[in-house]
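1. When you get a sec, could you give me coordinates for this:
(chains A, B and C)
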Amino acid sequence: MNQQRKKHVKITAEYCKACGYCIKVCPDNALEFERKFNSSGYHPVKWKGKCRMCGLCYTVCPDFAVEIDDQETS
Amino acid sequence: MTKKLLKGNYAVVEGALQGGIDAYFGYPITPQNEITEYMSQRMRAEDRVFLQAESELAAINMVFGAALTGKRTMTTSSSPGISLMQEGISYLAGCELPAVIVNVQRGGPGLGNIDGAQGDYFQSVKGGGHGDYRLLTLAPSSVGETYSMCRDSFDLAFKYRCPVLILTDGVIGQMIEPAEVDDTPLKKDKKVKDYGWNLTGCLGRERRVVRSLYMKEGALEKLNLRLAERYEAMKKETDWEESDTEDASLILVGYGTSARINYDAARRAREKGMKVGYFRPKTLYPFPSERLKELSGKANFLVVEMSMGQMVEDVRLAVSKDTHVEFYGRPAGGIPETDKILEICKKMTA
Amino acid sequence: MKIRHHYCTGCGHGIIHRLLCEVIDELEIREKIIAIAPVGCAVFGYFYWNFDTAEAAHGRPPAVAAAIKRILPDRIVMTYQGDGDLAAIGGNEMLHAANRGDNITVVFVNNACYGMTGGQMAPTTVMNQITTTTPYGRNIEDGYPIKVCELLKELEGTVYIERTSVDSPANIIKSKKALKKALNCQIEGKGFSLVEILSMCPVGWRLNPQQSLEWVNKSMKKQFPLGVFKDRL
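-> Alright, predicted model coming up:
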């Protein structure tokens, strides 16, 4: 098995309040609002899946919704 | 116990030290300045915390902070200063924190004057600050009792986790008389105790939150019910002093300085052949209502206060319906006159 | 942090809470810290902080903290206050705790309005700012915005005073450094430290989150320049 650790932007959609701060600061245009609503009625932010992993989205998120995760992929 | 010649305000300090005070915070106001001044020497000499606050607001909130840590803490002031402290006292009650507050009453309202008075009875036992709370209120009538009440008040505050108020006045504060004091050496306990509610940093345990804001439906009601239960349990602390009440047809009721005048008046009335008794509540909250009710079957009452009539309302609530309750008082530093009391006694026993 | 907080969309408190918790963990003081929450939006700080916390009466946290620190000098005592709590109703307590040089750390969140009560004028509301109690904009009759850092730096008792903001990643990182320095100041026993953080209140300002970032940058920083005002470390 070819296992490797890969970084991953994990967004807890339920915490997101759609302020858009992360979208504004993202240098790679890697984030966007989802079309669907979360249970609080916000359009949560979604990671498009590819970026330089700078972590600015984590830095500016006021809602503890963004995490930079080490994800194990095979 | 040793007899010592002591000033009332100094007795507060010595009593508090004997009671194990750890931290004192105060702001100058007459007629209780000796307390803050003497504390500043004694607390430092005993290696305890003393801080002169920038206001009574700060003083009571420093007491709040000290109480949070589970230490024995006290502040003292006089009527206008106690008014300023009411917010903090309400918070202490809401957060279920033990602390001791001494009110050396002076005349009011407003800035009033600096003479001894008893105009703060309502403020002390009927609320004072906002919300549904009570203060365990003790009323000494001598320098010796000031000492012992200050000493024992900390244990009471911790027993019921509530602020305890010692309601004295400028006359007793400034009075010098012999007082019984303990000869036991002062307790020195520098350790930080864990009571299960105090904040000391969450080392080795779950973190704690001390608060009085309860937004969830029913949560605040729970707190109020818990407090009410505690106030009910407090009733066993009810204390009073009485003499010559057995055969009395008239009983003089008063607390603090007024009671001293009553004591003398009752004695002189007896000499003149009047069946007059003497009754002094030592705790104003809880109030000795039950005992007064028992006595009211046989006797009428004359309530004497250094105000225009505050405790008299509680006496009227306590006694049976057909009991005659008269009032005599002088406000704003006026001292009730023994002759005047005797005159009323004569009318009421005729 | 694994919790959904009650702050509004775009509010800066969430960012500042996270920074604070990160710093506390990095300094390994979680089990030593006692925090005092204010009256205001951050009164519920203890829902998100995993350390000993108490609520104080409006404006009084510095007095409460001063007493705790004097009784337990080996603990870390921090107050977290908004502009109304610290600069209006608690002005006196702030001034005197700072002047006494009490070895406490004050985290002062300045969002130029009373957020909790719906966006009224605060002592730090900037000139011409529209709030619910200055419907035509703050003018000289309402008084001038109070500059807490500039005021406190003059006092002998203060050791470390800095003003930062959370309107951009760079400033957020600076804020974190400032918080760390302030807490370190206390750990080293140096004395009174305060970090003022300019923060967004989009709901109180009637702006959307993006506009509120702009507003911090354009309007607030003009009245409240960022920087270190005192550093006697």
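
2. Next up, the contacts around the residue of chain B most remote from its centre.
-> Most distant residue from the mean C-alpha position of chain B: B:Gly204, 38.4 Å away (Cα atoms, centre = their mean). By Cβ atoms under 8 Å, 6 or more residues apart in numbering or on different chains, the contact set of B:Gly204 is C:Glu31. Every residue, glycine included, has its C-beta placed from N, CA and C.

3. Could you do B:Asn9 as well?
-> With contact set as Cβ under 8 Å, 6+ apart, B:Asn9 has these partners: B:Pro31, B:Gln32, B:Asn33, B:Glu34, B:Ile35, B:Tyr38, B:Val104, B:Gly173, B:Gln174.

4. how much space between it and B:Ser77?
-> Distance from B:Asn9 to B:Ser77, counting by Cβ to Cβ, to the nearest Å: 12 Å.

5. circling back: which among the contacts of B:Asn9 count as buried?
-> Buried subset of those (neighbour count, 16 or more other Cβ atoms under 10 Å in any protein chain shown): B:Pro31, B:Gln32, B:Asn33, B:Glu34, B:Ile35, B:Tyr38, B:Val104, B:Gly173, B:Gln174.

6. Cross those residues against strands and list the overlap.
-> Among the buried ones among the contacts of B:Asn9, DSSP state E puts B:Val104 in strands.

7. now, which of the buried ones among the contacts of B:Asn9 lie close to chain A?
-> Residues of these in contact with chain A (Cβ under 8 Å from any Cβ of the partner chain): none.

8. any idea which of the buried ones among the contacts of B:Asn9 is closest to A:Thr59?
-> Minimum distance to A:Thr59 across the buried ones among the contacts of B:Asn9 is 53.3 Å, recorded for B:Ile35 (Cβ to Cβ).

9. Now do the shared contacts for B:Asn9 and B:Ser77.
-> Common contacts of B:Asn9 and B:Ser77 (Cβ under 8 Å, 6+ apart): B:Gln32, B:Val104.

10. residues contacting the residue of chain C found nearest chain B?
-> Residue nearest to chain B within chain C: C:Ala67 (3.3 Å; Cβ to the nearest Cβ). Counting by Cβ under 8 Å, 6+ apart, C:Ala67 makes contact with B:Ala23, B:Phe25, B:Val49, B:Leu51, B:Asn61, B:Met62, B:Val63, B:Phe64, B:Gly65, B:Ala66, B:Thr73.

11. and the third one, backbone torsions?
-> When read as degrees, to the nearest 10, the backbone of B:Val49 gives phi -90, psi 120.

12. from memory it sits against B:Ala66, does it?
-> Yes. Assessed by Cβ atoms under 8 Å, B:Val49 is found in contact with B:Ala66 at 7.2 Å.

13. Would you tell me which residues of chain C are close to chain A?
-> Within reach of chain A by Cβ under 8 Å from any Cβ, chain C has these residues: C:1-5, C:7-15, C:18, C:168-169, C:172-173, C:202, C:209-210, C:213.

14. When B:Val49 and B:Ala66 are compared, which one has more neighbours?
-> Legend: neighbour count by other Cβ atoms under 10 Å in any protein chain shown for B:Val49 and B:Ala66, higher for B:Ala66 (30 against 19).

15. for that one, helix, strand, or coil?
-> Following DSSP: H, G, I helix; E, B strand; the rest coil, the label given to B:Ala66 is helix.

16. Just to check, it is in contact with C:Ile71?
-> Yes. Counting by Cβ under 8 Å, B:Ala66 does reach C:Ile71; the two are 5.6 Å apart.

17. which neighbours do these two share?
-> Here B:Ala66 and C:Ile71 have B:Asp22, B:Ala23, B:Val49 as joint contacts, going by Cβ under 8 Å, 6+ apart.

18. what sits against the residue of chain C found nearest chain A?
-> Relative to chain A, the nearest point of chain C is C:Gly14 (3.3 Å; Cβ to the nearest Cβ). Residues near C:Gly14 by Cβ under 8 Å, 6+ apart: A:Cys61, A:Pro62, A:Asp63, A:Phe64, C:His5, C:Tyr7.

19. could you point out the longest helix in chain C?
-> helix C:169-187 (DSSP state H).

20. list the buried ones in it?
-> For helix C:169-187, the neighbour count (16+ other Cβ under 10 Å) marks C:169, C:171-172, C:174-176, C:178-186 as buried.

21. just stretch B:308-317 next, same as before
-> For stretch B:308-317, the neighbour count (16+ other Cβ under 10 Å) marks B:Gln310, B:Met311, B:Val312, B:Asp314, B:Val315 as buried.

22. Also stretch B:246-265?
-> Residues of stretch B:246-265 classed as buried: B:248, B:250-263, B:265 (neighbour count, 16+ other Cβ under 10 Å).

23. can you check stretch B:213-230 too?
-> Across stretch B:213-230, burial judged by 16+ other Cβ under 10 Å covers B:Leu220, B:Leu223, B:Leu227, B:Arg230.

24. Tell me the gap between that stretch and the middle of its chain.
-> Taking Cα atoms, centre = their mean, to the nearest Å, one finds stretch B:213-230 lying 26 Å from the centre of the chain it belongs to.

25. Tell me which residues are up against that stretch.
-> By Cβ under 8 Å, 6+ apart, stretch B:213-230 touches B:Ala93, B:Gly94, B:Glu96, B:Asp132, B:Tyr133, B:Arg134, B:Tyr160, B:Arg161, B:Cys162, B:Ser212, C:Val43, C:Glu55.

26. returning to what we had before: could the buried ones among the contacts of B:Asn9 go into a markdown table alongside pLDDT?
-> Shown next, in a markdown table, are these (pLDDT from 0 to 100):
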| residue | pLDDT |
| --- | --- |
| B:Pro31 | 94 |
| B:Gln32 | 96 |
| B:Asn33 | 96 |
| B:Glu34 | 96 |
| B:Ile35 | 97 |
| B:Tyr38 | 96 |
| B:Val104 | 97 |
| B:Gly173 | 96 |
| B:Gln174 | 96 |
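
27. Output the below-cut-off pLDDT ranges for chain A.
-> Flagging of chain A using pLDDT under 70 yields the residue ranges A:1-5, A:71-74.

28. that older thread, with distance to B:Asp189 and pLDDT as added columns, please give the shared contacts of B:Ala66 and C:Ile71 in TSV.
-> Shown next, in TSV, are the shared contacts of B:Ala66 and C:Ile71 (distance: Cβ to Cβ, whole Å; pLDDT from 0 to 100):
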residue	distance to B:Asp189	pLDDT
B:Asp22	8	96
B:Ala23	13	97
B:Val49	13	96
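
29. out of those residues, which one sits closest to B:Glu242?
-> Distances from B:Glu242 to the shared contacts of B:Ala66 and C:Ile71, taken by Cβ to Cβ, are shortest for B:Asp22, at 36.1 Å.

30. what does chain A have sitting close to chain C?
-> A:14-15, A:17-21, A:24-25, A:42, A:56, A:59-64.

31. Sort out for me which of those are in helices.
-> Within the residues of chain A next to chain C, residues falling in helices by DSSP H are A:Tyr21, A:Lys24, A:Val25, A:Leu56, A:Thr59, A:Val60.

32. are any of the residues you listed buried, and which?
-> Those of these that meet the buried threshold are A:Tyr21, A:Val25, A:Leu56, A:Thr59, A:Val60, by 16+ other Cβ under 10 Å.
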